[in-house]
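> Sharing a model that was predicted from the sequence below.
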Amino acid sequence: TSTRESLYNMNNNSRYGGLHAEAKILIENHQTPLLCFYLDKESNEVKLIADTVSQRKVGESGQFEKLECLLRSTQKEDNKLAFYDDCSLGHGQCNPKGPMFSYDKLPTEILRAIFKYLVPEDLKTLLLVSQTWKSVADEPLLWTGFGLPTKCMKNQKLFEKFFEGSLSSKLQYLELGQFDFKFDDHYFERFMALSLSCIKITTDIDLSNVSNELLATLVNNCKVCSISDDRSQNKFGAHLEVILKKMSMETKIKSLQLEHMKLTSIPPDVLSEACKNLTSISFDYVEISSDQIKAIFKSLKMDANVLIKIDESDGINTFDIERLDSIFDRLTGFSFYGEPLDGQLRRWMDILDNSCKLKNLELLEVDVRQIPPQLLARVMTKVERLNLSFSEGASPQQLKEVFKRIVKSDSKVKHIELDSMNLRLISPELFAEAVNKLESFYYGSCKVSESQVLEMFRIMSLGTNLKNLGFCNPDLANSLDRMEYIELVDPETLAKAVNNMESLHLDLGAFTDYGPPSLTLAQLVAIMKQLNSKTSLKKIWRWSSSNYRWPYSEDYEIVYI
């Protein structure tokens with residue numbers, strides 16, 4: 001779907017002849033997702049449509065010349081040419097019938113809907129196709145998340161050359177991280193000419209030669225800002241204070257994320273003024289004082305999204321967690337890693353039971369056994385996203401109460417992530433019904449029974465709310481072919497079940513370190529047949545080795561839309 005289509009024109013004085021054999025070499029031996037040969041009757045040319053990867057592989061394989069030779073050496077014929085895809089050598093016909101159609105005649109809203117699936121690399125190609133396509137592909141919304149090419153971060157000359165071209169004007173996202181050359185004000189003056197919407201600064205960047213005022217101006221011209229530091233080094237302490245002072249006077253920033261930063265040197269009144277107009281703020285493992293927390297929440301909008309992540313696992317108190325009692329009912333997201341003070345967890349549960357704005361709750365390696373099962377269940381089902389990973393202390397009764405509460409109509413929870421828990425004592429019927437009430441469910445290395453898995457997929461095959469059998473974050477999702485007992489599920493049942501979802505993670509043994517996949521060939525065939533007839537699936541994805549680029553792309557690739 002996100003395919004750059006390039007048409008290779010070839011002489012059409014040929015019979016189909018040995019084309020099948022040569023194409024088979026390309027597809028099976030070179031793993032080329034060759035898309036289509038077709039006859040253009042208007043121009044009397046045979047054309048090959050191929051995606052970007054196929055173009056490269058066809059060129060490297062040397063098979064393209066052989067195909068061209070075959071087409072030129074055989075007799076001319078108007079027979080329909082066979083369709084091939086990246087799964088197998090199929091038999092569908094792709095010779096178009098009826099009048100020829102120009103893609104330039106498509107309404108711009110249709111082109112826009114198609115182009116939105118393309119990555120910037122492919123959008124660059126569309127700019128060259130025609131004036132019509134260029135006018136649509138030029139739209140800024142399609143370039144959301146377009147950042148500096150990796151090669152420009154490694155080579156100073158390529159960086160300079162990139163900014164000499166018109167494509168640099170489309171940059172919306174800038175990550176100041178690991179560059180192989182040093183920055184100064186000259187580079188930042190180039191950035192100032194851009195219409196950036198998002199900036200991320202990581203501890204890898206050296207900003208010692210950049211003026212604080214210039215950096216603060218650049219950051220405050222963006223809508224989204226993320227700054228990550230190392231508390232022990234506090235590299236960006238001086239930079240941050242200038243950024244926050246400028247925020248208090250004039251800024252476009254609506255969303256601010258501070259990670260692993262030491263904020264104790266920033267005056268509370270500066271933090272208060274800087275945060276007053278934010279719609280979203282995230283403190284991820286920051287060191288902050290009680291007075292600063294009080295000042296921030298005094299000026300912060302009541303409807304602002306507030307996410308706080310605290311890590312107490314190393315015994316270092318970086319956040320006054322007793323102060324949380326006074327602000328807990330204002331949080332929209334809360335993550336705690338470690339062990340709260342005596343009685344603290346129970347107080348939090350009581351507060352949330354009475355008044356809860358939380359949409360996202362994470363309690364990692366927290367002993368929840370002190371919480372009464374019904375209280376725990378009430379709170380857990382008041383949030384949309386719940387993560388109880390590695391909370392091994394959860395008792396069977398607590399888990400049963402949570403699952404019972406999920407099936408009730410007043411439950412708000414849509415996404416659950418569990419890990420390293422024993423779920424086998426929950427009845428298969430309750431387990432299956434609760435899971436299929438959710439939109440996503442990740443159970444990682446939890447212990448489940450064969451009967452629970454079979455019942456879960458049986459219910460799913462009849463109809464489900466599940467959009468993804470795994471957490472929404474792709475790097476946490478279960479790969480279908482790695483699930484325990486998956487090979488025991490009836491192929492037809494499994495096919496209907498997964499095709500009732502919207503997203504499917506399917507690696508098919510891509511990582512041999514984990515051994516062969518459990519999914520059987522019969523199950524895979526059934527899934528693909530169902531996909532061809534009736535499905536709700538919108539995408540199938542697998543792991544990818546592509547670099548992670550915050551906050552828009554993930555470490556996976558879509559293989560079907």
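That came through fine.
> Contacts for stretch 373-386, please.
Residues outside stretch 373-386 that contact it (CB atoms under 8 Å, 6 or more residues apart in numbering): 349-350, 352-353, 356, 358-361, 368, 388, 395, 397-398, 400-402, 404-406, 408, 410-417, 472. Backbone N, C-alpha and C define where each C-beta goes, glycine included.
> and that stretch, which residues are buried?
373, 375-383, 385-386 (16 or more other CB atoms under 10 Å).
> and those, which two are the farthest apart?
Farthest pair in those (CB to CB) is P373 and R385. Separation: 21.0 Å.
> Now do the SS call for K200.
Taken by DSSP: H, G, I helix; E, B strand; the rest coil, the conformation at K200 corresponds to strand.
> ok, it - how many residues close by?
Residues near K200, counting by other CB atoms under 10 Å, number 22.
> Which strand residues bridge it?
Assessed by DSSP bridges, K200 has beta-bridge partners E175, S226.
> Which pLDDT value belongs to G90?
pLDDT recorded at G90 is 37.
> and what of the one 3 residues further on?
According to the prediction, Q93 has pLDDT 40.
> Pull out the buried members of the contacts of stretch 373-386.
Applying 16+ other CB under 10 Å to the contacts of stretch 373-386 flags 349, 352, 356, 358-361, 368, 388, 398, 400-402, 404-406, 411, 413-417, 472 as buried.
> among these, which are in strands?
With strands taken from DSSP state E, the overlap with those comprises 360-361, 415-417.
> from those residues, which two are the most distant?
N360 and I416, at 11.7 Å, using CB to CB across these.
> okay, and the common contacts of the two?
Counting by CB under 8 Å, 6+ apart, the shared contacts of N360 and I416 are 385, 387.
> beta partners of N468?
S440, S503.
> which residues sit in contact with T202?
175-178, 228.
> neighbour-wise, which of these leads?
Most neighbours among these, by other CB under 10 Å: L176, with 24 neighbours.
> confidence score at it?
For L176, pLDDT reads 90.
> likewise the one 4 residues further on?
D180 is assigned 87 on the pLDDT scale.
> what about the closest residue to it other than its chain neighbours, how many neighbours?
Using CB to CB, 6 or more residues apart in numbering and skipping residues adjacent in sequence, the residue nearest D180 is K154, 4.7 Å away. A count of nearby residues for K154, using other CB under 10 Å, gives 13.
> Y443 versus K154, what's the distance?
Computed with CB to CB, to the nearest Å, the distance linking K154 and Y443 is 41 Å.
> just K359 next, same as before
On the measure of CB to CB, K359 and Y443 end up 21 Å apart.
> show me where the stretch 301-450 of the chain has helices.
Using DSSP state H, counting those that start in this stretch, the helices found in the stretch 301-450 of the chain span residues 324-327, 344-354, 373-380, 396-406, 428-435, 450-462.
> The first one packs against which elements?
Based on contacts counted as 3 or more CB pairs under 8 Å, 6 or more residues apart in numbering; DSSP states H and E, the elements that helix 324-327 packs against are helix 290-299, helix 344-354.
> Mind putting the contacts of T202 into JSON lines with distance to K124?
Listed next are the contacts of T202 as JSON lines, based on distance: CB to CB, whole Å:
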{"residue": "E175", "distance to K124": "20"}
{"residue": "L176", "distance to K124": "23"}
{"residue": "G177", "distance to K124": "23"}
{"residue": "Q178", "distance to K124": "24"}
{"residue": "S228", "distance to K124": "30"}
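> Which two among these are spaced furthest apart?
It's Q178 and S228 that sit farthest apart of these, by CB to CB, at 12.3 Å.
> Sketch out the low-pLDDT regions of the stretch 1-150 of the chain for me.
1-56, 58-59, 62-102 (pLDDT under 70).
> Try it again at 80.
1-106, 119-121, 140-141, 144-145 (pLDDT under 80).
> residue ranges for the helices of the stretch 51-200 of the chain, please.
52-61, 63-73, 108-115, 120-126, 131-137, 150-154, 156-164, 185-192.
> Tell me the confidence at the closest residue to Y443 other than its chain neighbours?
Closest residue to Y443 apart from its sequence neighbours, by CB to CB, 6+ apart: L418 at 5.1 Å. Note on L418: pLDDT of 88.
> Please tell me how far the nearest residue to S228 once chain neighbours are set aside sits from D284.
Spatial nearest neighbour of S228, chain neighbours left out: E259 (4.2 Å); criterion: CB to CB, 6+ apart. Counting by CB to CB, the separation of E259 from D284 is 4 Å.
> follow-up on the earlier one: closest to E502 out of the helices of the stretch 51-200 of the chain?
helix 108-115 (17.8 Å).
> Flag every buried residue along the closest one.
Buried residues in helix 108-115 (16+ other CB under 10 Å): 111, 115.
> about what we covered before: any chance of the ones in strands among the buried ones among the contacts of stretch 373-386 in JSON lines, plus distance to L324?
Putting those into JSON lines (distance: CB to CB, whole Å) gives the following:
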{"residue": "N360", "distance to L324": "16"}
{"residue": "L361", "distance to L324": "13"}
{"residue": "H415", "distance to L324": "23"}
{"residue": "I416", "distance to L324": "23"}
{"residue": "E417", "distance to L324": "22"}
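> just to revisit the earlier point, please report phi then psi for the residue nearest to Y443.
Phi and psi for L418, reported as degrees, to the nearest 10, are phi -120, psi 150.
> Next, the contact list for it, please.
Contacts for L418 (CB under 8 Å, 6+ apart) come out as 388-389, 442-444, 446.
> Kindly recompute the last result at 6 Å.
Contact partners of L418, counting by CB atoms under 6 Å, 6 or more residues apart in numbering, are 388, 443, 446.
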